[in-house]
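A.B. asks: model this:
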Amino acid sequence: MPAVDINTASDRGHAFLAGGGQLGNLIAAFDWASTSIGPISGWPQSLRTATSLILRSKVPIVMLWGEDGVMIYNDAYSVFAGGRHPRLLGSRVREGWPEVADFNDNIMKVCLAGGTLAYRDQMLTLNRTGEPEQVWLDLDYSPVLDESGEPAGVIAIVIETTAKVAAERWRASERDRQRQMFEQAPGFMAMLSGPDHVFELTNAAYRQLVGHRDVIGKPLREALPEVAGQGFVELLDHVFTSGEAFIGHAMKAELRQSPDAPEEDRFIDLVYQPVRAPSGEVIGIFVQGVDVTDRLAAEQALRRSETQFRTFAESMPNHVWTATPEGLLDWFNPRVYEYSGAAVGDLDGQGWSTIVHPDDLEPAGEKWRQALAEAVFYETEFRLRRSDGVYRWFISRAVPIRDTDGVILRWIGTNTDIDDQKQAAQALLQSERRLQLSQNAAGIASLELDIASGIVVGSEGFWDLWGLSPRDSVHISVLENIVIPEDKDVRSNQESREQGSAAPHVEYRIRRPDNGALRWLSRHVDFVHDETGKPIKMFGVMQDVTDRREAQARQELLTHELEHRIKNILAMVAAIASQTLRNTDIVTASAIFNERLRALANAHDILNKTRWTSASIREVVDNTIASFPAEQILISGPALPINPKMALTLALAVNELATNALKYGALSVPEGQVSIEWSLQPSAEMDGQARLVWRWREQGGPPVVPPSRRGFGRFLIERVLGTDFGGSVRIDYHPDGVECELNAPAPQLPTGPY
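C.D. replies: Below is the predicted model of the structure:
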C-alpha cells in the first residue's frame, strides 16, 4: 500500500487524521476496504470525528467500531499493545485479543446497547510479548453515537496500573510484615500518646506482661493502677516533658496478671523513647523492653548450681575440670593438683598439656579441637605425668553445658585413672595372643555359636580351616553347606543344638570352597545354658585331622599289606620246603632249601629299598646271580619296574635256572655261557600293546637231556612265574642248552598290595 501524507493538500480526504502521529499515517495507509468499516472515503462524520479525537489524545484510547469491534487506536495505545502492534489495527477486537475475547464480547454488548462500563485495577492475563502476563488496568468504556444518535462503536480509555498495584501490594505486605514483626517481637512494645500516656498500641509480649488486660485507649494510671507509686509514671512524665530517652536494667515492677490477681514481682529491661511531631514537640512515648525475670532466676539458679558443682567436684576422687566455650581450661579440682604436683593456675589455658605424655599430646589435642568444632561429647585416652614422674593412663570425657537456646556456656570434664585396667587388658590381650598363637601352632581353631540366631564367630585360624576368607562372623548354614553330604548326619543340627544334645566330639569331611580340597575336621563342643537350663551358646574347638586320618588309612593299608605279605612269604617258604624235601636226602635238600631262601632274601632286600612298592627286573636278576660265575653270564634288557610279587617269583625262577645250569648245564663247565635278556615288543593280538619277552638261554654246556620227572623248580618256573606275570612260560630242552621264555603283558607299576 502506498504511503499517504495526511498533511499535504492532495490528501485533503485525510485531513481529519492530521496531527495524529504515527497511527494517523498508519490509518491513512490501511486498506479499510477489507474490513466491515469500508474505505476511508466512505466513513461517516461521526467515525471521522471520533478518530480525530482519539489520535490527538496522549492517553491510550482504542475505538471498537461496528458490531465486529474493528480496532482504531492512537500512539499511546500502540505502546500498551506491545508486540501486538501494528497487527491490532483494523482487526476485530475479539480476534485481536483472543485471550480476553469473552471480556470484550461483554463490553461490546453493553456499550452498543447504550451503556457504559468502568473498571479499576482490573486484572487481565494478556499476551503482549509472546508470553502470558498478568496486568492491572483502569478501563472506561462508553458508546460512540452515529449521525442518527444510535451507538455505532465503543471508545475505551486504557490506563495500565500494574506498577501501581505492585507497589501498593508491596507496601501492604511491608506494613503487614512490620505489624507482624511488632506483634511477634520477643520484647514487649507499646505506644503511649499524650501527657496522660494513653495506650494506642501494644504487642503480644506487652499484653502477656500485663496479663492480657484491655489497655488500648486507656491512660496508664487507669489501665495499670498497680504501677502507681513504683516510679514508672514519674519516669514517663520526665521523658515526655524533657524529650530525653530513658534506659533501665533489671527494674523491679509489681504487676497483676488480671485485675483481681495479686501482684507479683517482675524484672524488666526497658527503654522509654520520646516520639515527636514534625514540629519537634513530644507527642508520645514508645515503650520497649524485655522481661528478664526468668533470666535472672536462671542466673541465680546457675550460680547456686555452680556453687553446688564446685562443692561436689572438689570432693570427688576423680579429676574434674571445666573449660570455656572456646576450649580453654579454667578450673581444676584439688585431685588434679594433688596428682600432678602443679601449682594452682599452672594448668589453666593450654597449661594442661605440660602433664600429658608427649606421644599422646597431638592425638588428644586433635580430638579436643574436633569436639569443640562439632560441639559434641568428647572422649579420649592419654597418659598423665604424676608428681613423681610416672605416667599413668587416664580416660578423659567432657560434655558441653548449654543454655535454653542451645548455646554452649562451658565444658565440664573428668579424667579417670584406667592404668590398672589398661595393664590388665594388655595382659589379657597378650594371653589371648599367646593362646591364639598356640592354637595356630597346634592347628586348632575356636568357635562360638549363638544358638538363637545361628551366628558363628571364629578365631583367627577358624576361617582358613573352612577355606573361607577372614570375616567377623557367618551363619551356621554357610558352614553346613561345606560339609560333605554323606557326613552331615554326624555334625550337630539345629534341633540337637537347641536341646544341647549335640555329640561333644565328632569328625566329618568338608570340601573347601577355596581350592576344592577334601579335608577331615575334628570338633569338640560344650554348651552354656541360661537360668532355665536352655542352651544359649555353643563353644568349641576344631582341628584339621586330615593328615591323621590319612596316616590311619595308610597304617591300616600297611597292616593289611604286611599280613598279606607275611602270609604269602610263609606260603612260599612252605611251598619251597615242601617241594625241596620231597624225594630228596636231607643234606641235598638242606643245601637246595638254603639256596632258595637266599634267592628269596635277595629279592626281599631289593623290595625293602623301595618300601615294597616296586623293583627293577635288572636288580632282581643281578642280585640273584651274584653268587654264580658272573663271567659266564651275559645280561641285557631295560630296567623295567615290576611289582613285589613278580620280583619274588622272578628271583626264585632265576635261582632255579642258575642252580640247574651250575649242576647240569652251561655253568657246569668253564666254556659254557648263559644269556639273560628281555625287552618290550608289540603284540598283534593285543592291538599293538607292548608285551614283555624275558628269555634264559644256555649254550656250550653238556648235552641236555629232558628231565624224567617234573620237580618244584620246573613247577615254579612254568606255573608260578607265568601266573604272577599274567602270561605264559615255555621251557625247551635243546641238546645244546636249556631255553626258558616268559611272554606276558608289559608290567605296570604296582598300585596296591600284591
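A.B. asks: how's the chain carved up into domains?
C.D. replies: Per automatic domain parsing, the domain ranges recorded for the chain read 9-166, 185-291, 297-417, 444-544, 554-745.
A.B. asks: Just send these back as CSV, with mean pLDDT, distance to Ala424 and mean neighbour count too.
C.D. replies: For glycine as for every other residue, the C-beta is placed from the backbone atoms N, C-alpha and C. Output for the domains of the chain, formatted as CSV (pLDDT from 0 to 100; distance: least, Cβ to Cβ, whole Å; neighbours: other Cβ atoms under 10 Å):
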stretch, mean pLDDT, distance to Ala424, mean neighbour count
domain 9-166, 93, 78, 16
domain 185-291, 89, 56, 16
domain 297-417, 89, 11, 15
domain 444-544, 84, 21, 15
domain 554-745, 78, 48, 17
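A.B. asks: is it possible to export those domains to a markdown table including distance to Leu429?
C.D. replies: Output for these, formatted as a markdown table (distance: least, Cβ to Cβ, whole Å):
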| stretch | distance to Leu429 |
| --- | --- |
| domain 9-166 | 75 |
| domain 185-291 | 57 |
| domain 297-417 | 14 |
| domain 444-544 | 13 |
| domain 554-745 | 42 |
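A.B. asks: among those domains, which is nearest Ser173?
C.D. replies: Checking the domains of the chain against Ser173 by Cβ to Cβ gives domain 9-166 as the closest, at 10.5 Å.
A.B. asks: Pretty sure Leu26 sits against Leu89.
C.D. replies: Yes - between Leu26 and Leu89 there is a contact at 6.0 Å, judged by Cβ atoms under 8 Å.
A.B. asks: any chance you could map the helices in the stretch 551-700 of the chain?
C.D. replies: 586-609, 617-624, 644-663 (DSSP state H, counting those that start in this stretch).
A.B. asks: Kindly report the same for the stretch 201-350 of the chain.
C.D. replies: Under DSSP H, counting those that start in this stretch, the stretch 201-350 of the chain gives helices at 204-209, 220-223, 232-242, 293-315, 334-340.
A.B. asks: among these, which is nearest Arg385?
C.D. replies: Between Arg385 and the helices of the stretch 201-350 of the chain, the tightest spacing by Cβ to Cβ is seen for helix 334-340, at 6.8 Å.
A.B. asks: Off-centre distance for the closest one?
C.D. replies: 46 Å (Cα atoms, centre = their mean, to the nearest Å).
A.B. asks: Just checking, which helix or strand succeeds that helix along the chain?
C.D. replies: helix 358-374 (DSSP states H and E).
A.B. asks: For the following helix or strand past that next one, which outside residues touch it?
C.D. replies: The helix or strand immediately downstream of helix 358-374 is strand 378-385, counting by DSSP H and E. For strand 378-385, contacts defined as Cβ atoms under 8 Å, 6 or more residues apart in numbering pick out 339-340, 355-357, 359-361, 363-364, 367-368, 371, 391-399, 411, 413, 415, 418.
A.B. asks: And what about Glu168, helix, strand or coil?
C.D. replies: Of the three states, Glu168 takes helix under DSSP: H, G, I helix; E, B strand; the rest coil.
A.B. asks: Relative to Glu174, how far out is it?
C.D. replies: Distance of Glu168 to Glu174, given as Cβ to Cβ, to the nearest Å: 10 Å.
A.B. asks: Which of those two has more residues huddled nearby?
C.D. replies: Glu168 (13 against 10; other Cβ atoms under 10 Å).
A.B. asks: got the contact list for that one?
C.D. replies: Glu168 touches nothing, counting by Cβ under 8 Å, 6+ apart.
A.B. asks: Distance check, it against Trp136.
C.D. replies: 10 Å.
A.B. asks: I'd like the next helix or strand past the helix or strand harbouring Pro400.
C.D. replies: Using DSSP H and E, Pro400 falls within strand 391-402. Downstream of strand 391-402, the first helix or strand assigned by DSSP H and E is strand 408-417.
A.B. asks: which other helices and strands contact that next one?
C.D. replies: Here strand 408-417 touches strand 319-323, strand 378-385, strand 391-402, going by 3 or more Cβ pairs under 8 Å, 6 or more residues apart in numbering; DSSP states H and E.
A.B. asks: re earlier: present the helices of the stretch 201-350 of the chain as JSON lines; the columns should include distance to Ser728.
C.D. replies: Shown next, in JSON lines, are the helices of the stretch 201-350 of the chain (distance: least, Cβ to Cβ, whole Å):
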{"stretch": "helix 204-209", "distance to Ser728": "126"}
{"stretch": "helix 220-223", "distance to Ser728": "142"}
{"stretch": "helix 232-242", "distance to Ser728": "142"}
{"stretch": "helix 293-315", "distance to Ser728": "109"}
{"stretch": "helix 334-340", "distance to Ser728": "103"}
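A.B. asks: Could you double-check that Ser728 sits in contact with Gly722?
C.D. replies: Yes - contact criterion Cβ under 8 Å: Ser728 and Gly722 qualify, at 4.9 Å.
A.B. asks: list residues touching both of these two?
C.D. replies: Common contacts of Ser728 and Gly722, defined by Cβ under 8 Å, 6+ apart, comprise Leu742, Ala744.
A.B. asks: quick one: contacts of the helix or strand that contains Leu449?
C.D. replies: Assigning secondary structure by DSSP H and E places Leu449 in strand 444-450. Residues outside strand 444-450 that contact it (Cβ under 8 Å, 6+ apart): 438-439, 455-462, 464-465, 476, 497, 536-543.
A.B. asks: Send over stretch 717-726 as PDB, restricted to the C-alpha atoms.
C.D. replies: Extracted in PDB, the C-alpha atoms of stretch 717-726 (Å, rounded to 0.1, in the frame of the first residue of the first chain):
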ATOM      1  CA  ILE A 717      59.000-121.500  36.600                       C
ATOM      2  CA  GLU A 718      56.200-122.700  34.400                       C
ATOM      3  CA  ARG A 719      53.300-122.200  36.600                       C
ATOM      4  CA  VAL A 720      54.000-119.600  39.300                       C
ATOM      5  CA  LEU A 721      56.200-117.300  37.200                       C
ATOM      6  CA  GLY A 722      53.700-117.300  34.300                       C
ATOM      7  CA  THR A 723      50.800-116.800  36.700                       C
ATOM      8  CA  ASP A 724      52.300-113.900  38.700                       C
ATOM      9  CA  PHE A 725      53.300-112.100  35.500                       C
ATOM     10  CA  GLY A 726      49.900-112.700  33.900                       C
END
